[in-house]
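**Q** coords please:
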Amino acid sequence: MNDLTYNLAAMPSAASGDRKPMRWVDVRLLRHARRLELGLRGDPQAAGRRQDAAGDGCVLPVRAAPRAGDPASAVQDVLATGLRRAAEDVGIPLSESQARTLPQRWGTMSVFGDVEPMLAALRADGYRLAILTNCDEDLFGETQRSFRAPFDLVVTAERVRDYKPSPTHFHHFRRASGARLGEWVHVANSWFHDITPARELGIPRVWLDRDDTGQDPADACARVRSAADVPDAVRRLFRP
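**A** Okay, here's the model as predicted:
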């Protein structure tokens, strides 16, 4: 489900009005459920089936995803609908309580092991860290508790009343941070929700391709397979 965005931004100094360089990172696909047991029936291999998921960005199945600009559906409802429809696709009936497993157990999903060292390296390099997520405030609050330090800026779907791949998150981040176009890097796992809109907006972008999707890497400025390689990729993009 999710991923990661790195924003190198220049922000105005509150004291002087001068632009003070500040580097930002927005992260998706940070968490995953190693064993999110659904207790499904109706399929000989359904019992104990794993629902692999990644955490904070809420990448939604296409059939379940709300339309851009339509904030009517709460993210928890969308997640339940997506799980129910995915189960239908493989012939597994779900009760309402089973369909709610993913949002109800959101806080049990663990952070990928390469994420905290990456965040530490970026902070040591002087980067500020931000999140652009399709989650609501409550779900991201659970996500935030999984990390050792808070993020400097968070942009949720609930706050902007929209969902990526709509550009609303990116425009809100630019206004909130004071960053100008080209002054931040977006690093993300989701090709559809993040890399594509970042490319269309002309934002420098690093693709954390954990899933080895086979998409054309030329649409990203850099492609990495592990969060451990993200700091070097960001440094290369902003090398004088």
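
**Q** Run a quick neighbour tally on Ser95.
**A** Other residues lying near Ser95 total 12 when counted by other C-beta atoms under 10 Å. For every residue, glycine as well, the C-beta is placed using N, CA and C.

**Q** Alpha carbons of the biggest helix by length in the chain, in CSV - could you do that?
**A** Ranked by number of residues, the top helix in the chain under DSSP state H is helix 75-89. C-alpha atoms of helix 75-89 as CSV (Å, rounded to 0.1, in the frame of the first residue of the first chain):
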residue,chain,number,x,y,z
VAL,A,75,-10.2,6.5,4.4
GLN,A,76,-11.2,3.7,6.8
ASP,A,77,-14.3,3.0,4.7
VAL,A,78,-12.2,3.0,1.5
LEU,A,79,-9.8,0.5,3.0
ALA,A,80,-12.6,-1.8,4.1
THR,A,81,-14.2,-1.6,0.7
GLY,A,82,-10.9,-2.4,-1.0
LEU,A,83,-10.3,-5.4,1.2
ARG,A,84,-13.8,-6.7,0.6
ARG,A,85,-13.5,-6.3,-3.2
ALA,A,86,-10.1,-7.9,-3.3
ALA,A,87,-11.6,-10.9,-1.4
GLU,A,88,-14.5,-11.0,-3.8
ASP,A,89,-12.0,-11.2,-6.7
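
**Q** Give the other helices and strands that it contacts.
**A** With contacts defined as 3 or more C-beta pairs under 8 Å, 6 or more residues apart in numbering; DSSP states H and E, the packing partners of helix 75-89 are helix 96-99, helix 101-104, helix 137-144.

**Q** Just want the angle from the longest one to helix 75-89.
**A** Using axes from the mean of the first three to the mean of the last three C-alpha atoms, to 10 degrees, the direction of helix 137-144 lies 80 degrees away from that of helix 75-89.

**Q** For helix 137-144, enumerate the helices and strands it packs against.
**A** Contacts of helix 137-144 with other secondary structure elements, assessed using 3+ C-beta pairs under 8 Å, 6+ apart, are made with helix 75-89.

**Q** what's the pLDDT at Gly141?
**A** What the model reports as pLDDT for Gly141 is 90.

**Q** next one: Gly57
**A** Each residue has a pLDDT score; the one for Gly57 is 41.

**Q** Same check on the one 4 residues further on?
**A** Turning to Pro61, the model gives it a pLDDT of 42.

**Q** mind checking the SS state of Val206?
**A** strand (DSSP: H, G, I helix; E, B strand; the rest coil).

**Q** how about the nearest residue to it once chain neighbours are set aside, phi and psi?
**A** Once flanking residues are discounted, Val206 sits nearest to Val187: 4.0 Å by C-beta to C-beta, 6 or more residues apart in numbering. The main-chain torsion angles of Val187 are listed as degrees, to the nearest 10 and equal phi -120, psi 120.

**Q** Val187: how many residues sit nearby?
**A** Other residues near Val187 number 33, with proximity taken as other C-beta under 10 Å.

**Q** That one is in contact with Leu208, isn't it?
**A** Yes: in this structure, Val187 sits in contact with Leu208. The criterion is C-beta atoms under 8 Å, and the distance is 6.0 Å.

**Q** pull the CA atoms of stretch 100-111 into CSV?
**A** What follows is the C-alpha trace of stretch 100-111 in CSV, where atoms were taken according to Å, rounded to 0.1, in the frame of the first residue of the first chain:
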residue,chain,number,x,y,z
ARG,A,100,-12.6,-3.7,8.9
THR,A,101,-9.5,-5.7,9.9
LEU,A,102,-7.1,-3.4,8.1
PRO,A,103,-8.1,0.0,9.5
GLN,A,104,-8.8,-1.6,12.9
ARG,A,105,-5.3,-3.1,13.1
TRP,A,106,-3.4,-0.3,11.4
GLY,A,107,-1.3,0.3,14.5
THR,A,108,0.1,-3.2,14.5
MET,A,109,2.0,-2.7,11.2
SER,A,110,5.7,-2.4,11.7
VAL,A,111,8.2,0.0,10.1
